[in-house]
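Novice: generate coordinates for the sequence data below:
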Amino acid sequence: MPNGGSVLMKQLSASCSPPNVSFRQLGNLHIATEPNRTYGMHDLALLFMLPSITTLTVDLAALNRTEEQRSAPIEAIWRCCSRSSTIQELNLERCGLPAPWISAMVTSCEVLKHFHHEHYYWDVDAAYYAHIFQALTIHQETLSYVRTNEINGCKVDAAHQSDPAEPLSFEHFRSLTHLDIPLFNFASRTQHCSVDRLLPPSLRVLTLDVRSAREGFSDNFFMSLADAAHRHLPRLKSIEVICRIEEYREDGYLPLHFCHLRRVFASYGIELSYFLEFVQCEFKAAYMGHLLANMRLS
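Specialist: This is a model prediction of the structure:
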């Protein structure tokens with residue numbers, strides 16, 4: 001319901017509990033939040049209370065100035081009880097919400113199978129992803145699709161983050177077939193965990209977002225991934241690597257020996273694809289030739 005979010009939220013707020021007959025059969029909803037909305041983000045909890053809804057897409061969800069200054073934690077104002085919503089597919093497009101809000105939405109779902117989260121939140125670090133990951137673990141038996149990643153175009157500062165306390169492990173997500181996540185949740189400048197303990201054997205498609213200034217050399221990770229794929233990931237068929245380049249810097253490192261890696265993965269029946277994305281409009285075209293010349297493609 002693009003551009004009709006305020007109308008819908010007003011009707012939901014005015015309806016009795018449980019929602020009136022107009023919303024009882026509503027199963028699939030797409031709502032775009034407006035900058036001049038008359039409702040608060042906590043009112044989105046009303047959508048999670050709809051009795052028949054299974055798919056919810058929220059576009060451009062973000063706190064306004066008043067909500068940002070509110071001292072009450074999300075747990076105190078989010079009205080949907082944990083594990084009570086019928087939503088099975090949750091899509092948060094162009095999301096600007098802090099991690100606790102996203103976690104509240106995730107934990108409100110009784111059985112979540114599909115989670116798509118594309119964010120532009122400015123204050124993102126390792127703790128942001130860890131907070132969301134902790135909420136997702138309550139659905140580790142049912143989630144088949146997880147995407148939590150940043151929109152292309154995030155500012156340079158996002159690449160200079162502190163290393164995560166420990167890598168995220170999806171090992172126990174037994175139904176997971178598609179995973180899209182920044183690489184630094186698995187491998188950072190200072191630590192590399194065995195891939196055997198990070199990914200489930202059910203995984204079929206893996207997409208990794210790579211920023212060389214953030215992870216440093218990632219050759220070792222991908223070679224470890226190739227070994228793990230051969231021994232522990234029998235269903236893995238596709239790996240996509242998205243190299244996001246903010247600017248050329250002498251001490252940055254572009255992964256990897258891609259042609260060699262493609263041959264290694266192909267020998268195990270896995271297709272490896274890689275893409276370059278230039279994420280800043282300030283990127284100087286004069287840097288491009290030097291940067292690409294330094295890629296080790298053979």
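
Novice: my read: residue 149 touches residue 184, true?
Specialist: No. Look at residue 149 against residue 184 with C-beta atoms under 8 Å: they stay out of range, at 11.3 Å. All C-beta atoms are positioned from the backbone trio N, CA, C, and that covers glycine.

Novice: helices along the stretch 151-298 of the chain, start to end?
Specialist: 212-215, 219-232, 258-267, 285-293 (DSSP state H, counting those that start in this stretch).

Novice: for the residue nearest the centre of the chain, which non-adjacent residue is spatially closest?
Specialist: With distances taken as C-alpha atoms, centre = their mean, the chain has residue 148 as the residue nearest its mean C-alpha position (0.4 Å). Spatial nearest neighbour of residue 148, chain neighbours left out: residue 117 (4.3 Å); criterion: C-beta to C-beta, 6 or more residues apart in numbering.

Novice: the closest residue to residue 119 other than its chain neighbours: what's it in contact with?
Specialist: The shortest distance from residue 119 to any non-neighbouring residue, by C-beta to C-beta, 6+ apart, is to residue 95 (4.5 Å). Applying C-beta atoms under 8 Å, 6 or more residues apart in numbering, one finds that residue 95 lies in contact with 58, 60, 61, 62, 102, 117, 118, 119, 120, 121.

Novice: for residue 95, grab phi and psi.
Specialist: phi -90, psi 130 (degrees, to the nearest 10).

Novice: model confidence for it, exactly?
Specialist: pLDDT, residue 95: 92.

Novice: and for residue 277?
Specialist: Looking at residue 277, its pLDDT is 77.

Novice: can you name the residues bridging to the residue nearest to residue 182 when sequence neighbours are not counted?
Specialist: Spatial nearest neighbour of residue 182, excluding adjacent residues (C-beta to C-beta, 6+ apart): residue 209 at 4.4 Å. Counting by DSSP bridges, residue 209 is bridged to residue 182, residue 242.

Novice: need the contact list for residue 209.
Specialist: 149, 150, 180, 181, 182, 183, 242, 244.

Novice: show me which of these is closest to residue 67.
Specialist: Distance to residue 67 across the contacts of residue 209 (C-beta to C-beta) is lowest for residue 150, with 21.7 Å.

Novice: for residue 63, see how far away that closest one is.
Specialist: Distance from residue 150 to residue 63, counting by C-beta to C-beta, to the nearest Å: 18 Å.

Novice: over to residue 225?
Specialist: 37 Å.

Novice: same drill for these two, tell me which one is more crowded.
Specialist: When neighbours are counted by other C-beta atoms under 10 Å, residue 225 and residue 63 differ, and residue 225 comes out ahead with 26 against 17.

Novice: which one is that one nearest to, not counting chain neighbours?
Specialist: Closest residue to residue 225 apart from its sequence neighbours, by C-beta to C-beta, 6+ apart: residue 195 at 5.0 Å.

Novice: quick check: the one you found touching residue 221?
Specialist: Yes. Taking contacts as C-beta under 8 Å, residue 195 lies within contact range of residue 221: 7.3 Å.

Novice: overlap in contacts, those two.
Specialist: residue 186.

Novice: count of neighbours near residue 264?
Specialist: Residues lying near residue 264 (other C-beta under 10 Å) number 19.

Novice: got a list of what the spatially closest residue to it that is not a sequence neighbour touches?
Specialist: Take residue 264 and drop its neighbours on the chain: the residue closest to it by C-beta to C-beta, 6+ apart is residue 226, 4.8 Å away. Contacts for residue 226 (C-beta under 8 Å, 6+ apart) come out as 261, 264, 265, 268.

Novice: show me what contacts the nearest residue to the third one once chain neighbours are set aside?
Specialist: Once flanking residues are discounted, residue 265 sits nearest to residue 272: 4.3 Å by C-beta to C-beta, 6+ apart. Counting by C-beta under 8 Å, 6+ apart, residue 272 touches 239, 241, 258, 261, 262, 265, 266.
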